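Novice: build the 3D model from these lines:
(2 chains)
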Amino acid sequence: MNFTIIINEYQLYLTGLWTTLWLVSFSLLLGLCIAIPAGIFKSSKNKFIRLPISAYIYFFRGTPLLIQLFIIYYGSAQSEFLRSSWIWDYLQNAWFCALLAFTLNTGAYTAEIVRGVIAAMPKGEIEAAKAYGMSPLQILRRISLPNSIRRALPAYSNEVIFMIHSSAIAGIITIMDITGAARVVNGRYYAPVEAFSTAAMLYLCLTFTTIFIFKQWEKHLQI
Amino acid sequence: MRKISLLISILILSFNVSARQWKNIRIEVEGLYPPFSKSEPDGTVSGFEIDIAHALCTKMKAKCTLIKIDWDALIPSLLVHKGDAIMASMDITKQRKMKVAFSDKYLQIPASFVALKGTGYKGTNTFMKDKKIGVQRSSTMDLYVSENFPSAIIKRYNSVDEMYLDLKAARLNYILGNYIATKTGLLEKKGGNKFAFVGPKLSNPKWFGEGVGVVVRKGDKDLVIQFNAAIKAIRADGTYKKIQDHYFTFDAYSGKKQ
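Specialist: Predicted structure coming up:
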């Protein structure tokens, strides 16, 4: 064991940590923007709204993230049509492909969480709010939203942690995230134990910080 | 008397150990680097280095098993005894010598940049600024590009195939690869005629080493001796030239024209 090489290459790991951080945070944020409407309209009575949303969720929950990333990254490059259109300006970047794959993936999983929370909304609370004469907007703001967030948090914190861990595959399409940095260090010094246990430590730190933040948030909501 | 016989038997034993003849050798190959080493549809490997490996084993009268391992994992696998030797176009470099031992060279091919036809090239850091360069991760080319063009955007790939795909998709401006491997694997393949070599052939030993040798663990000095003798033997009796002429039109041992 020789951890001096890690100290020599700490900059690689720092850039890796930064890449993982922004990649995961942005995909979670954008994923949430997809998930909330998708989750709400999944139980819509209109077939033309419900079916496309179901198909989207079904596909992205039904296939591995790695395959989705490969399809987006290598698949897009095979299509002449895509390559001559404006969208290629984005798709030619590895980071954009990763962001797209991660966003769509987490969006699908989170939509399912949102749908579950809505379906399990206690009817009595809403009826009581109506009886008090609250408008639908007031009900949403005062009753259903806080209640839903409280119930969704544990499941969502799981999704965030899964996303941090799944982001390790970004290294496959040349992105220098934490795992990518570990692979470069391993390649330079042939020290897999040192290189990858450092990466594991960084992931542990990220995960524990996430868990801590969600714990505090849950506590804050439990009035 | 008994003590003396014990001493003699210890001496004989230790002599045997020091001159241990390897009878079973597991050779790690990559299988993703035509024409040196490529995978056939039936799962076997073939190519120049594979033929050389078989020739060396015949000379050493050893039974060799070829194991296919990813480029990244070749040296780590060797160090944990998953294999005994590596023959995967691995150049003899200072950095690698810190971890493993090398036999004498059996192959030497220069490296060269490839880009879309008509692309300009200057080997300076300012010219390469923000240019996307693809290399195989932890290869000698990776080292060269990382040290000489720090202002370029360096993309590191697991295998050269993924790198070729990204060059064709215009995600890369340049790739730096083995002259022959890129010629066979990219330029002479379908869709490869849009690309060409740019700049000079690179072979500065500071980055590209002193040629390709068989890699073994540092402790296995006897195996190095065995491989060196076998390399010398196939060079002397014409076996090497026969295999070389089957694949190349130049001298693969020095990387120069015949």
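Novice: show me what contacts the residue nearest to B:T93 when sequence neighbours are not counted?
Specialist: With sequence-adjacent residues excluded and distances taken as C-beta to C-beta, 6 or more residues apart in numbering or on different chains, B:T93 is closest to B:G209, at 4.1 Å. From N, CA and C alone the C-beta is placed, and that goes for glycine too. Taking C-beta atoms under 8 Å, 6 or more residues apart in numbering or on different chains as the contact definition, B:G209 lies against B:91-93, B:96, B:140.
Novice: mind putting those residues into CSV with secondary structure, distance to A:S166 and pLDDT?
Specialist: What follows is the contacts of B:G209, written out as CSV (DSSP: H, G, I helix; E, B strand; the rest coil; distance: C-beta to C-beta, whole Å; pLDDT from 0 to 100):
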residue, secondary structure, distance to A:S166, pLDDT
B:D91, strand, 35, 93
B:I92, coil, 39, 94
B:T93, coil, 35, 89
B:R96, helix, 33, 89
B:T140, helix, 33, 93
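Novice: what parts of the stretch 101-250 of chain B come near chain A?
Specialist: Applying C-beta under 8 Å from any C-beta of the partner chain, we find that the stretch 101-250 of chain B lies next to chain A at B:137-138, B:142, B:155-158, B:165-166, B:168-171.
Novice: which helix or strand in chain A has the lowest average pLDDT?
Specialist: Taking mean pLDDT, DSSP states H and E as the measure, helix A:80-84 is the helix or strand of chain A with the lowest mean score, a mean of 86.
Novice: quick one, what contacts the closest residue to chain B within chain A?
Specialist: Residue nearest to chain B within chain A: A:G187 (2.7 Å; C-beta to the nearest C-beta). Listed by C-beta under 8 Å, 6+ apart, the contact set of A:G187 reads B:72, B:137-138, B:142, B:156.
Novice: go again with 7 Å.
Specialist: Going by C-beta atoms under 7 Å, 6 or more residues apart in numbering or on different chains, A:G187 touches B:72, B:137-138.
Novice: same question for B:I50.
Specialist: By C-beta under 7 Å, 6+ apart, the contact list for B:I50 reads B:29, B:37, B:66.
Novice: how many neighbours does the first one have?
Specialist: B:V29 has 26 neighbouring residues, counting by other C-beta atoms under 10 Å in any protein chain shown.
Novice: distance of it relative to chain A?
Specialist: 18 Å (C-beta to the nearest C-beta, to the nearest Å).
Novice: that residue reaches B:S46, doesn't it?
Specialist: No - counting by C-beta atoms under 7 Å, B:S46 is not a contact partner of B:V29; they are 10.1 Å apart.
Novice: what do these two both touch?
Specialist: By C-beta under 7 Å, 6+ apart, no residue touches both B:V29 and B:S46.
Novice: show me where the chain has helices.
Specialist: No chain was given, so I picked chain A. Ranges of helices within chain A are A:4-8, A:10-41, A:47-62, A:65-70, A:76-78, A:80-84, A:88-91, A:94-119, A:123-131, A:136-139, A:145-166, A:178-189, A:192-221, based on DSSP state H.
Novice: can you look at chain B instead?
Specialist: B:2-18, B:48-60, B:74-79, B:94-97, B:140-148, B:160-168, B:179-182, B:205-208, B:221-236, B:239-247.
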